[in-house]
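**Student:** got a structure for you, letters missing:
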């Protein structure tokens, strides 16, 4: 299914992503989106969670509101 919307950018540079598109992509309030450009195209996609220290996407944990992989979390605990 192809979703096409036309939206105006407001004075603060914001756009609205329709409910149909958000539902289709599983995007909910509070999700982080990654915004890139490819030539003259803007690409917006749901950001993948990664470790804030090593950028790993494996064995992720939430710690103090941050995403950290198990290996980095163990190294942090060892510093204590």
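**Tutor:** Perfect, thanks for sending it. Bear in mind that the values here come from a model prediction, so they are computed numbers and not experimental data.
**Student:** quick one: secondary structure of residue 24?
**Tutor:** When classified by DSSP: H, G, I helix; E, B strand; the rest coil, residue 24 comes out as helix.
**Student:** Would you mind measuring from it to residue 50?
**Tutor:** Here residue 24 is placed at a distance of 24 Å from residue 50 (C-beta to C-beta, to the nearest Å). Just so you know, the C-beta spots here come from the backbone N, C-alpha and C atoms, and that holds for glycine as well.
**Student:** who has more neighbours, those two?
**Tutor:** Taking neighbours as other C-beta atoms under 10 Å, residue 24 and residue 50 compare with residue 50 leading, 15 against 11.
**Student:** Check which residues of stretch 7-27 are buried.
**Tutor:** For stretch 7-27, the neighbour count (16 or more other C-beta atoms under 10 Å) marks residue 27 as buried.
**Student:** again with stretch 37-55
**Tutor:** Buried residues in stretch 37-55 (16+ other C-beta under 10 Å): residue 51.
**Student:** what's in contact with that stretch?
**Tutor:** 17, 25-27, 31-36, 56-57, 60, 66-69, 71-72 (C-beta atoms under 8 Å, 6 or more residues apart in numbering).
**Student:** taking these one by one, which sit in helices?
**Tutor:** Judged by DSSP state H, these include 25, 71, 72 as members of helices.
**Student:** And the residue nearest the centre of this structure?
**Tutor:** When C-alpha atoms, centre = their mean is applied to the chain, the residue found nearest the centroid is residue 47 (2.4 Å).
**Student:** could you measure it against residue 78, distance?
**Tutor:** To residue 78, residue 47 is 29 Å away according to C-beta to C-beta.
**Student:** One more: residue 14?
**Tutor:** Distance check for residue 14 against residue 78: by C-beta to C-beta, it reads 43 Å.
**Student:** Which strands and helices lie in contact with the worst-scoring helix or strand of the chain on mean pLDDT?
**Tutor:** Using mean pLDDT, DSSP states H and E, strand 60-63 stands out as the lowest-scoring helix or strand of the chain, at a mean of 87. Strand 60-63 sits against strand 66-69, helix 70-79, with contacts defined as 3 or more C-beta pairs under 8 Å, 6 or more residues apart in numbering; DSSP states H and E.
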